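Participant: Take this sequence and fold it.
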Amino acid sequence: MGAKLAEHPGLQDFLAAGTLSLVRVYQMTTPMGDIVTTYEEADSVERSFQNQIDDPSEVAQLLREFVKDTHGIDLSAQPPPEAEQWLEYSEPNSQRHPGIAFSAPIQPGKAGVLRALTGETTGPRKAEWEALNRENGVTLHRAYIISTPMGDFTSVYFEAPDPIEANRRFAADASDFATHFKSQVADALGIDFSDPLPPIRTVFEAVRTTEAA
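Facilitator: Okay, the predicted model is just below:
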């Protein structure tokens, strides 16, 4: 499906209509099965979501089928769940790089642990958070809390010239802030981030090359 969407002649029109500038879809293989994560950037998030629901084009229909097959969400029956951002880092004046994204369930009652990290990384420990990304080669780093009927999840996205190497370096980082950060995220997710992530592959990528309609 990813290849079919990427090669579709109507893809650019669909992206422009929804003001989408970037769409990247990733698949992570875990012992519990494959987990698919979609990362999107748009001039208007509300318009992009509405367009994905209403657009009658073949591209939109293929996308709705893809979302239903991979995420179990029927966009024609319900809107995507809202995302609350809890992490942000962007290296000034950096160009765009390859990315990696993954999702994981948040342990019951632990979303507050992630929200507390928001306060740290935008407040008293902002310089350490920025250094952690910069020293591990990360140029863009964002994470979101997503509430679903199945519970809270987090989706994490980052870019680097070499995302796999950046993740390896992050996993091995034993600095004070890296150790603290990984321990807090481990408490919230039940995952040891001192180990690199499982293999992640890009399923689909689209970049808008025309102006939004």
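Participant: Where do the helices of the protein begin and end?
Facilitator: 2-6, 11-17, 45-54, 58-71, 111-122, 126-135, 163-172, 176-189 (DSSP state H).
Participant: The third one - contacts with which helices or strands?
Facilitator: So the one you mean is helix 45-54. Here helix 45-54 touches helix 58-71, going by 3 or more C-beta pairs under 8 Å, 6 or more residues apart in numbering; DSSP states H and E. C-beta: built from backbone N, CA, C; applies to glycine.
Participant: Tell me how many other residues surround Trp86.
Facilitator: Residues lying near Trp86 (other C-beta atoms under 10 Å) number 22.
Participant: Sorry, wrong one. I was asking about Met150.
Facilitator: Count around Met150 with other C-beta under 10 Å applied: 8.
Participant: contacting residues for it?
Facilitator: Pro105 (C-beta atoms under 8 Å, 6 or more residues apart in numbering).
Participant: same deal with Thr121?
Facilitator: Taking C-beta under 8 Å, 6+ apart as the test, what Thr121 contacts is 87-89, 129.
Participant: pLDDT weak spots in this structure?
Facilitator: Residue ranges of the chain with pLDDT under 70: 1, 79, 212-213.
Participant: Please determine how far the residue nearest in space to the middle of it is located from Ser76.
Facilitator: Per C-alpha atoms, centre = their mean, the C-alpha nearest to the average position across the chain is that of Tyr157, at 3.7 Å. The gap separating Tyr157 from Ser76 is 26 Å, by C-beta to C-beta, to the nearest Å.
Participant: Asp162 now?
Facilitator: 39 Å.
Participant: Ok, Lys110 next?
Facilitator: 33 Å.
Participant: Then Gln12?
Facilitator: 23 Å.
Participant: In terms of neighbours, single out the busier of those two.
Facilitator: Gln12 (15 against 12).
Participant: my guess is that one meets Arg208, correct?
Facilitator: Yes. Gln12 is in contact with Arg208 according to C-beta atoms under 8 Å; the separation is 6.7 Å.
Participant: Between those two, which contacts overlap?
Facilitator: By C-beta under 8 Å, 6+ apart, no residue touches both Gln12 and Arg208.
Participant: what does stretch 50-70 contact?
Facilitator: Taking C-beta under 8 Å, 6+ apart as the rule, stretch 50-70 contacts 1-2, 4-5, 8, 10-11, 13-14, 17-19, 25, 36, 38, 73-76, 79-80, 204.
Participant: Narrow those to those that are buried.
Facilitator: Buried subset of these (neighbour count, 16 or more other C-beta atoms under 10 Å): 2, 5, 8, 11, 14, 17-19, 25, 36, 38, 73, 75, 80, 204.
Participant: which of these lies closest to Gly99?
Facilitator: Val25 (10.6 Å; C-beta to C-beta).
Participant: The closest one pairs with what?
Facilitator: Counting by DSSP bridges, Val25 is bridged to Thr38, Phe204.
Participant: same thing with Ile145?
Facilitator: Applying DSSP bridges, one finds that Ile145 bridges with Glu84, Thr154.
Participant: contacting residues around it?
Facilitator: 83-84, 86, 106, 111, 114-115, 152-154.
Participant: so how far is Leu75 from it?
Facilitator: 20 Å.
Participant: For the closest residue to Asn133 other than its chain neighbours, grab the count of nearby residues.
Facilitator: Distances taken as C-beta to C-beta, 6 or more residues apart in numbering put Tyr89 closest to Asn133, at 4.7 Å, once the chain neighbours are dropped. If you count neighbours by other C-beta under 10 Å, Tyr89 ends up with 18.
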